[in-house]
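1. kindly return the folded structure for what I paste below:
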Amino acid sequence: MDIQGERSGGRGPVPHGGHPEALTAVPARPVHRVLFRQWWQDVVLLHWEADPFEVARLLPPGTTPDLLHGRTYVGLVFFRMRDLAFGHLPPVPRLGTFTEVNVRLYSRDALGRRGVVFRSLDCDRLLPVLVARAAFGLPYRWSRTSRRWYGERLLYRTRGRGGRRTDAHVWVDVTREPVPPGPLDEFLTYRWGLHESVLGRTYYLPNTHPAWTFRRCALLGWDASAVAAAGLTPPAGDPVSVLYAPGVPVRFGPPARLAPTRRPGAGSPEAPTCKPGAANP
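-> Purely as a prediction, here's the structure:
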């Protein structure tokens, strides 16, 4: 893997010399066949800088950390999942609505597609956990999660079951004032798919939704223990980005497999390397 982030916005590492797709407020690739649908409601996103080399070791084969000005990030995301539905069927009653907390990283593949990679996803519904793990290999966990509004203040919490130290919470004061996304916000949220690996094969699962709308918010408190539980260095200091969005309807299309990648020494003409100096801003 050759980590060689460009200094221009968003042009980070791409395996095998591919070109990164543009950061766009709406997806450049439409989803023609809907696999499932859902709403993301009351989304709170916290982000910290992360070590690109630590992140690279945690990504699926065929992907590499996506960089902005030589930096990559880890996200702790809280939201209410609502109205989960398959194809064009009606939403799943009761079980299709739940609170979710996830830890995610930012990836690119050889075709330049930007995606997210989930290190953990916690929710309070057991059946969706089992289905998502079996069907897509996603690291869902059955946890105690909650969301509650106190006037204009929003509190999310998650706690692991069985003694697992996967706790997290966020406490924000939300206003009605809209705020335009900055370059970092666009890099973190203009993502139109996810990368995951199942049985040694990596796939890209595309999604589509309307453009994000963000509101100004103030961070009152947080606990990011879930980040360390996901295999990353615990965050040092306050997040570098705090976002709140009322929500968007989302559609997912069928997964597409990534081309197999050769392991170093298995007949490839040259083993991939990491260039330490190139990941710096």
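
2. which secondary element of this protein has the worst mean pLDDT?
-> helix 126-136 (a mean of 85; mean pLDDT, DSSP states H and E).

3. ok, which stretches of the stretch 1-150 of the chain are helices?
-> Remark: helices assigned in the stretch 1-150 of the chain by DSSP state H, counting those that start in this stretch are 52-56, 126-136.

4. elements contacting the shortest one?
-> What it means is helix 52-56. Applying 3 or more CB pairs under 8 Å, 6 or more residues apart in numbering; DSSP states H and E, we find helix 52-56 packed against strand 63-65, strand 72-86. The C-beta positions use only the backbone N, C-alpha and C, and glycine is treated the same way.

5. closest one to A229 among those?
-> The closest of the helices and strands packed on helix 52-56 to A229 is strand 72-86. By CB to CB, the value is 11.0 Å.

6. any idea which of the helices of the stretch 1-150 of the chain gets closest to S120?
-> S120 sits nearest to helix 126-136 of all the helices of the stretch 1-150 of the chain, at 11.5 Å, using CB to CB.

7. the closest one vs strand 72-86, what angle?
-> Counting by axes from the mean of the first three to the mean of the last three CA atoms, to 10 degrees, helix 126-136 lies at 110 degrees to strand 72-86.

8. what residues sit buried inside helix 126-136?
-> Going by neighbour count (16 or more other CB atoms under 10 Å), the buried part of helix 126-136 is 128-129, 132, 136.

9. circling back to that earlier point, any chance of the helices of the stretch 1-150 of the chain in TSV, with distance to R82 too?
-> Formatted as TSV, the helices of the stretch 1-150 of the chain follow (distance: least, CB to CB, whole Å):
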stretch	distance to R82
helix 52-56	30
helix 126-136	12
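
10. closest to H195 out of those?
-> helix 126-136 (11.2 Å).

11. hmm, who's touching the closest one?
-> Outside helix 126-136, the residues that touch it by CB atoms under 8 Å, 6 or more residues apart in numbering are 84, 95-96, 98, 121, 123, 138-142, 196, 198, 205, 255.

12. for PyMOL, write a command that selects the buried ones of those.
-> Of the contacts of helix 126-136, the buried ones can be selected in PyMOL as follows, counting by 16+ other CB under 10 Å:
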select buried, resi 84+96+98+121+123+138+139+140+141+142+196+205+255
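
13. what about the contacts of helix 126-136, which are in strands?
-> Among the contacts of helix 126-136, the residues falling in strands (DSSP state E) are 84, 98, 121, 123, 140-142, 196, 198, 205.

14. R201: what's it in contact with?
-> Taking CB under 8 Å, 6+ apart as the criterion, R201 is in contact with 257-258, 260.

15. for it, report the pLDDT, please.
-> As predicted, R201 sits at a pLDDT of 93.

16. against D109, how distant is it?
-> 13 Å (CB to CB, to the nearest Å).

17. grab the nearest non-local neighbour of V101.
-> T158 (4.2 Å; CB to CB, 6 or more residues apart in numbering).

18. if you could redo that for Y244, that was the one I meant.
-> Y244 sits nearest to C217 (CB to CB, 6+ apart), 4.1 Å away.

19. wait, that neighbour sits on D173?
-> Yes - here C217 reaches D173: they are 6.3 Å apart, a contact under CB atoms under 8 Å.

20. so between the two, which is more surrounded?
-> Counted by other CB atoms under 10 Å, C217 and D173 do not tie: C217 has more neighbours, with 20 against 15.

21. angle of the strand or helix carrying G221 against strand 72-86?
-> In this assignment (DSSP states H and E), G221 forms part of strand 214-223. Using the same axes, to 10 degrees, one finds that strand 214-223 and strand 72-86 are set 110 degrees apart in direction.

22. same for strand 214-223, what does it pack against?
-> Contact analysis of strand 214-223 by 3+ CB pairs under 8 Å, 6+ apart lists strand 36-50, strand 168-179, strand 241-252 as its packing neighbours.

23. 6 Å instead, please
-> strand 168-179, strand 241-252 (3 or more CB pairs under 6 Å, 6 or more residues apart in numbering; DSSP states H and E).
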